[in-house]
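Asker: my questions are about this predicted structure, shown below with the sequence.
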Amino acid sequence: MTNPEYILEFMRDNDYRYFNVTNSYDVDTQKQFTGCELDEGIRRMERFLKNSTGFHRIKLYQTNECNRQGRPNERPQIFEVSLTGKEFAPKDELGVNGANPSAIYPSPSGAIVGVDQYLSKHEEVASLKADLVRLQMENQFLRDAHARELESMRRDHESKLKEAKDSQAMVMQGLSAMASGMNLDFLNNK
């Protein structure tokens, strides 16, 4: 969790004036993509941080360029913040990178998680993310293998079907030749 004052300072230092704020369910709660000065963007963010409570994910952007679907072209700087209404505390209580080490923050699911507990789970989270990536790669490999196998079976089926049609045509040609020969023999015998 990041201290709101650190977010404002980060915006000011790195010229991030556009932002998108989502709640714990990743639903947009506030967007700022209209053209404005840096101070105006920071003022709007500060007003949001002072007047809001709950868990939020803040995505900061330097430009307001969006693609046709309305999604920003730029990769955002993402911060997670838990707002209780008491965030603007004196600077001496803040820890490294704007984190408040003595704070207890609610998680998106509603449980209360201490910073120490949150930080101790990084190894487990990293392990789970590595497992997820491995499983996604394995899934993609199996999908590709399945697609290759289906394509091979389709080609085999088409070649066997063509062979069957060719042999059927040969049999029909032979039968018609025999039938025409029998008709001629039948007429010649009369």
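Answerer: The structure has been received and is ready for your questions.

Asker: T2 is in contact with F79, isn't it?
Answerer: Yes - look at T2 against F79 with CB atoms under 8 Å: they come within range, at 4.5 Å. Where C-beta positions appear, they are placed from N, C-alpha and C, glycine not excepted.

Asker: between those two, which one's more packed in?
Answerer: F79 (21 against 17; other CB atoms under 10 Å).

Asker: name the strands paired with the helix or strand hosting the more buried one and say parallel or antiparallel.
Answerer: In this structure, F79 sits in strand 77-83 according to DSSP states H and E. Applying DSSP bridges to the sheet, strand 77-83 is found paired with strand 54-61 (antiparallel).

Asker: re earlier: export the strand holding F79 as CSV, just CAs?
Answerer: What follows is strand 77-83, C-alpha atoms only, in CSV (Å, rounded to 0.1, in the frame of the first residue of the first chain):
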residue,chain,number,x,y,z
GLN,A,77,2.5,3.5,-13.2
ILE,A,78,0.2,1.5,-10.8
PHE,A,79,-0.2,2.2,-7.1
GLU,A,80,-2.5,0.6,-4.6
VAL,A,81,-3.8,2.7,-1.8
SER,A,82,-6.2,2.1,1.1
LEU,A,83,-7.9,5.3,2.1
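
Asker: going by neighbour count, list what's buried in that strand.
Answerer: Within strand 77-83, the residues scored as buried using 16 or more other CB atoms under 10 Å are 77, 79, 81-83.

Asker: can I get the residues you listed in a markdown table including distance to T53?
Answerer: A markdown table is the format used below for the buried residues of strand 77-83 (distance: CB to CB, whole Å):
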| residue | distance to T53 |
| --- | --- |
| Q77 | 23 |
| F79 | 16 |
| V81 | 11 |
| S82 | 9 |
| L83 | 5 |
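
Asker: show the pLDDT at D26.
Answerer: For D26, the pLDDT comes out at 78.

Asker: kindly report the same for R143.
Answerer: Looking at R143, the pLDDT reads 94.

Asker: please report phi then psi for it.
Answerer: phi -60, psi -40 (degrees, to the nearest 10).

Asker: report how many residues lie close to it.
Answerer: Neighbour tally, R143, other CB under 10 Å: 10.

Asker: pull out the buried residues from stretch 36-46.
Answerer: Buried residues in stretch 36-46 (16+ other CB under 10 Å): 41-42, 44-46.

Asker: burial of Q32, as a residue count?
Answerer: When neighbours are counted by other CB under 10 Å, Q32 comes out with 18.

Asker: can you give me the pLDDT of it?
Answerer: The model reports Q32 with a pLDDT of 82.

Asker: what's the answer for E93, then?
Answerer: E93 is given a pLDDT of 51.

Asker: hang on, the earlier thing: can you list contacts of the strand holding F79?
Answerer: Residues outside strand 77-83 that contact it (CB atoms under 8 Å, 6 or more residues apart in numbering): 1-4, 7, 10, 14, 16, 49, 52-61, 87, 103, 105-106.

Asker: wouldn't T29 be in contact with V21 here?
Answerer: Yes - with contacts counted by CB under 8 Å, T29 reaches V21, the gap being 5.1 Å.
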